[in-house]
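1. my questions concern the predicted model and sequence given below.
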Amino acid sequence: MLKFDLENKRFENLIKSDMTDESILERYDFQVGIVNSWEIVKNKINLPTAYLIGQEITPHSSVNNSIDLLAFNPDDSSLIVIELKRKKNKLQLLQSISYAAMVATWDNEKLISQIQRNVNPDSEELEELINNNELNSEVKIILISELYDPEVIITANWLNSNYGVDITAFS
């Protein structure tokens, strides 16, 4: 990527770094930054009407792990599992698929109970949207990471092409 030096009227290379070099933590910086910038981020990940349900949501009582971010798309009443990683991690895809399977069993009441009002200023509007529609069992998956192992992208593409699993990866 290039930056433009307006004073000298020329392009320069950006200094290459990564989240680890910059001491950016996955949960406490990257994730919080997305939550605090949801109105901007949701447009960049092609979800302009999506509502953020919350962060660090336990998808099922049988697991101790949590979904990094969970959103709701009112256009088709679907849930969106958003899995974040600082670096490449082959488990990112498996985690997100597992979480999607777990939340696909939720009903409206369970989803409403997970709305974090501190991250969603429109929680009453969101609750009304959820109450007035039946949840779609087809859960979308969004992967956000600095880099991806080729296996993750190849498998995500295969699941999408052959089985219609809605998976999108952003870096």
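-> Done, it's in.
2. only C-alpha atoms from now on, for both contacts and neighbour counts.
-> Fine.
3. how about the helices in the chain?
-> For the chain, the helices defined by DSSP state H occupy 32-36, 38-44, 91-103, 108-113, 123-131, 150-163.
4. adding mean pLDDT, write those helices out as TSV.
-> Shown next, in TSV, are these (pLDDT from 0 to 100):
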stretch	mean pLDDT
helix 32-36	88
helix 38-44	93
helix 91-103	94
helix 108-113	94
helix 123-131	91
helix 150-163	95
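5. which one of these is the most hemmed in?
-> Highest mean neighbour count of the helices of the chain: helix 91-103, a mean of 18 (counted as mean count of other CA atoms under 10 Å).
6. who's in contact with it?
-> The contact list for helix 91-103 (CA atoms under 8 Å, 6 or more residues apart in numbering) reads 59-60, 67, 79-85, 139-141, 143, 152, 156.
7. related to what we said a few turns ago, looking at the helices of the chain, which is nearest to Gly54?
-> Comparison of the helices of the chain against Gly54 by CA to CA identifies helix 32-36 as nearest, at 8.2 Å.
8. list every C-alpha atom in the closest one, with coordinates, as PDB.
-> Extracted in PDB, the C-alpha atoms of helix 32-36 (Å, rounded to 0.1, in the frame of the first residue of the first chain):
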ATOM      1  CA  VAL A  32     -13.200  -3.200  20.900                       C
ATOM      2  CA  GLY A  33     -12.300  -1.000  18.000                       C
ATOM      3  CA  ILE A  34     -14.800  -2.800  15.700                       C
ATOM      4  CA  VAL A  35     -17.500  -2.500  18.400                       C
ATOM      5  CA  ASN A  36     -16.700   1.200  18.900                       C
END
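9. is it possible to get JSON lines of the helices of the chain that adds distance to Arg10?
-> Output for those, formatted as JSON lines (distance: least, CA to CA, whole Å):
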{"stretch": "helix 32-36", "distance to Arg10": "31"}
{"stretch": "helix 38-44", "distance to Arg10": "28"}
{"stretch": "helix 91-103", "distance to Arg10": "39"}
{"stretch": "helix 108-113", "distance to Arg10": "51"}
{"stretch": "helix 123-131", "distance to Arg10": "47"}
{"stretch": "helix 150-163", "distance to Arg10": "35"}
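10. Tyr51: which of these is closest?
-> Comparing the helices of the chain by their distance to Tyr51 (CA to CA), the top pick is helix 123-131, with 7.0 Å.
11. could you find the closest non-adjacent residue to Ser78?
-> Closest residue to Ser78 apart from its sequence neighbours, by CA to CA, 6 or more residues apart in numbering: Asn136 at 4.8 Å.
12. from Ile57, how far out is the one you found?
-> Applying CA to CA, to the nearest Å, one obtains 19 Å for the distance of Asn136 from Ile57.
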